[in-house]
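[1] with the input below, show me the fold.
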Amino acid sequence: MRHTLAFTALLLASVATAAQAQQTNQLAVSRDKTQASPRLNPVVAQRADRLSDQMVRQLRLNGYQASRLRAINEDKVAKMAAIEQKHAGNSQLIDQQCQGVCKERDKELQTILSTDQYSSYYGSRASFYKYDKDYAATAANTRFVNSVQNPAPAGSKGAVLAPASEAPRTTPASTRARGR
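    Prediction:
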């Protein structure tokens, strides 16, 4: 009887420890949304920063609100950039899916903005969306022009393509003729 009681206590303790370890793992996996995503494309990060700067100024956000807004915008701009890349050329589908992402942002911002700030944001959503879309189009055009003006050879690994030098060529026949 004593052994059964001790075994049951040991079993309960191990189950509790396992549950606590699992809960700790779940906490470690969730990302702190106030921190920048480490794998964010630099172009997308610049786009999100630009939009966030505009929103912080216009909505007059405090430091906490600004950091939360930046994390939200990084996430949403990355989603929109992926949609734009996936459906390039189909502007109607891009706008439709990006509007869905913007609705996600609306819900998240509602939790961090004051009532007055959210009202101001809600009334300016179209201008924020246009501001971001215009920048995305301009940045894409700039990258395209730069790639055309300064093309990088595919798979060059730093090699430079240049015309061959104009050194005189010698053939085995002309070398033999000179040597005799």
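[2] quick one: which helix or strand includes D53?
    Element membership for D53 (DSSP states H and E) is helix 42-59.
[3] angle of the helix or strand following that helix against helix 42-59?
    The helix or strand immediately downstream of helix 42-59 is helix 63-86, counting by DSSP H and E. Angle, helix 63-86 to helix 42-59, by axes from the mean of the first three to the mean of the last three C-alpha atoms, to 10 degrees: 140 degrees.
[4] and the helix or strand that helix 63-86 is followed by, what does it pack onto?
    Next helix or strand after helix 63-86 toward the C-terminus (DSSP H and E): helix 91-112. Identification of packing neighbours for helix 91-112 by 3 or more C-beta pairs under 8 Å, 6 or more residues apart in numbering; DSSP states H and E yields helix 63-86, helix 115-149. Just so you know, the C-beta spots here come from the backbone N, C-alpha and C atoms, and that holds for glycine as well.
[5] show me where pLDDT drops low in the protein?
    Along the chain, segments meeting pLDDT under 70 span 1-40, 139-180.
[6] related to what we said a few turns ago, which residues sit against the helix holding D53?
    Identification of contacts with helix 42-59 by C-beta atoms under 8 Å, 6 or more residues apart in numbering yields 36, 40, 61, 65-66, 69-70, 73-74, 76-78, 81, 113, 117, 120-121, 124, 128, 131-132, 135-136, 139, 143.
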